[in-house]
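> structure here, sequence nowhere to be found:
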C-alpha cells in the first residue's frame, strides 16, 4: 500500500482522536476453516465512524496469501468480511467508509472466548465450520502485556513473498523486533530483517497494525516499506529486492 494512503489514514486518525498512546489490542489464532489449516490475527478498536470495531488478516497455510478482514464485535460475537480487491481495500480500510458497514452477508461468524473461537465461514451455498485456538496476544492500551510469540501477517505481499512482523516486549516497550520474509510457495522463512531501534518504534505507526509494512514498485523492482512511529507523523525505511542475492536490502 502506498505511503500517500498511509499518510491519509494517519491524518484521519489524528482528526478523530484515535491516534493516542495505547492503540493496539491484537489476538492471534491458529485452527481450521473446514479441513484447511489457517492462521488468523485480529485487532480490536473502540469504534470507527463506519462502525468497524475489528480488522484483521488471515491466510490459509497451503496458500500463504494474506486476506484482509474487517467487521464488528457484539459481546462475544464477531462478524468478519473479506476484502475482495484493491478498490474495496482503499475504500473501506484506507480512506474509511462514510456510511455504517453492513456485515450481515460476510463470510465469518465467530463466537470468541478466552481460549479461542468457533463458528462458521459461508459463501453462497458453501458453509464450513471454523475452529480456532488463541496462541498469542498483545495489548498496549494500558500496562504493556504480551503473551506467546506474536507474529503479525501484514497485508502487504508480492507475487512470491508475504511478510510477518515478530513483536516482542523490550526494555523500551512493545514493538516489531524483526520482519520475516516468507516464501509463499513453501511457507518457509527465507530472510529475517532485524531492527536495532533503541526507542522501539518499528511497526508501531498508528495505522492498523497489518498496514505497518507496505509494498510498492520502483523501476520494476519490489519495494517493501516498514513504518516507524516518531518524528511527528512517523517515517518509513525502504527495502528493495535484489534479484542477484534474492534478498531485500535497505535502500540507500
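Received, thanks. No experiment lies behind these values; they were computed from the predicted model shown.

> so where does residue 153 fall, helix or strand?
Assigned by DSSP states H and E, residue 153 belongs to strand 150-157.

> starting at the chain centroid, how far to that strand?
5 Å (Cα atoms, centre = their mean, to the nearest Å).

> in the helix or strand that that strand is followed by, which residues are buried?
Downstream of strand 150-157, the next assigned helix or strand under DSSP H and E is strand 161-170. Across strand 161-170, burial judged by 16 or more other Cβ atoms under 10 Å covers 161-167, 169. The C-beta positions use only the backbone N, C-alpha and C, and glycine is treated the same way.

> please apply the same query to stretch 34-53.
Under 16+ other Cβ under 10 Å, the buried positions of stretch 34-53 are 38-44, 48, 52-53.

> which residues sit against stretch 135-150?
21-30, 151, 166-169, 173-174 (Cβ atoms under 8 Å, 6 or more residues apart in numbering).

> please apply the same query to stretch 34-48.
So stretch 34-48 is contacted by 16, 18, 24-32, 52-62, 69, 73, 78, 96, 121, 128-129, 132, 152-153, 208-210 (Cβ under 8 Å, 6+ apart).

> would you mind checking the residues you listed for buried ones?
The buried subset of the contacts of stretch 34-48 - by 16+ other Cβ under 10 Å - is 24-32, 52-59, 69, 73, 78, 96, 121, 132, 152-153, 208-210.

> quick one on the thing from earlier: flag whichever of the buried residues of strand 161-170 scores worst on pLDDT.
Ranked by pLDDT, those bottom out at residue 169 (90).

> the closest residue to it other than its chain neighbours: neighbouring residues, count only.
Excluding the flanking residues, the one nearest residue 169 by Cβ to Cβ, 6 or more residues apart in numbering is residue 146, at 4.6 Å. Residue 146 has 16 neighbours, counted by other Cβ atoms under 10 Å.

> helix, strand, or coil at the most centrally placed residue in the chain?
In the chain, the centroid-proximal residue (Cα atoms, centre = their mean) is residue 210; its distance is 2.1 Å. Using DSSP: H, G, I helix; E, B strand; the rest coil, the structure places residue 210 in helix.

> longest strand in this protein, by number of residues?
Longest strand of the chain, by residue count under DSSP state E: strand 126-139.

> toward the C-terminus, what is the element adjacent to it?
For strand 126-139, the following helix or strand on the C-terminal side (DSSP H and E) is strand 145-147.

> give the pairing partners of that following strand; include direction for each.
If you go by DSSP bridges, strand 145-147 pairs up with strand 126-139 (antiparallel).
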